[in-house]
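Student: Sequence first, then the predicted structure:
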Amino acid sequence: MTATDAACPTPAKLRYATPVVARRAADNDAAIHGEPRYPYACPCGWWHVSSKPRDRRLRVARDGTVYVRKPRKTPTAMEDAS
């Protein structure tokens, strides 16, 4: 998907082309505002920065690597019985 494939749901936000650039912008914003900032991939194809964590399973490292955390396994009724 390219940045022009979909309309942006938050067109007023700054756009970043890569997760690396978005992570740097998030770090800079956090230093200015004193609160954490979170980069996220937008459906429009760009990356944005938010003050709210969107998906705790998604993490962008400083080198731009995007990690998806696996959901925790919840015990089933059968596992609880043992």
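Tutor: Everything's here; your move.

Student: the longest helix in the chain is where?
Tutor: helix 19-33 (DSSP state H).

Student: neighbouring contacts of it?
Tutor: For helix 19-33, the surrounding residues in contact (CB atoms under 8 Å, 6 or more residues apart in numbering) are 14, 16, 36-41, 47-49, 51, 60-66. All C-beta atoms are positioned from the backbone trio N, CA, C, and that covers glycine.

Student: Could you find the closest non-adjacent residue to Lys52?
Tutor: Tyr38 (7.1 Å; CB to CB, 6 or more residues apart in numbering).

Student: what pLDDT does that neighbour get?
Tutor: Confidence at Tyr38, expressed as pLDDT, is 90.

Student: beta partners for it?
Tutor: Ser50 (DSSP bridges).

Student: List the buried residues for stretch 27-39?
Tutor: For stretch 27-39, a neighbour-count test (16 or more other CB atoms under 10 Å) marks 29, 37-39 as buried.

Student: got the end-to-end distance for it?
Tutor: End-to-end span of stretch 27-39 (CA to CA, to the nearest Å): 9 Å.

Student: Could you do stretch 7-15 as well?
Tutor: End to end - CA to CA - stretch 7-15 spans 13 Å.

Student: now do stretch 34-51
Tutor: Start-to-end span of stretch 34-51 (CA to CA) is 11 Å.

Student: related to what we said a few turns ago, tell me how far the residue nearest to Lys52 lies from Cys44.
Tutor: As for Tyr38, its distance to Cys44 is 17 Å (criterion: CB to CB, to the nearest Å).
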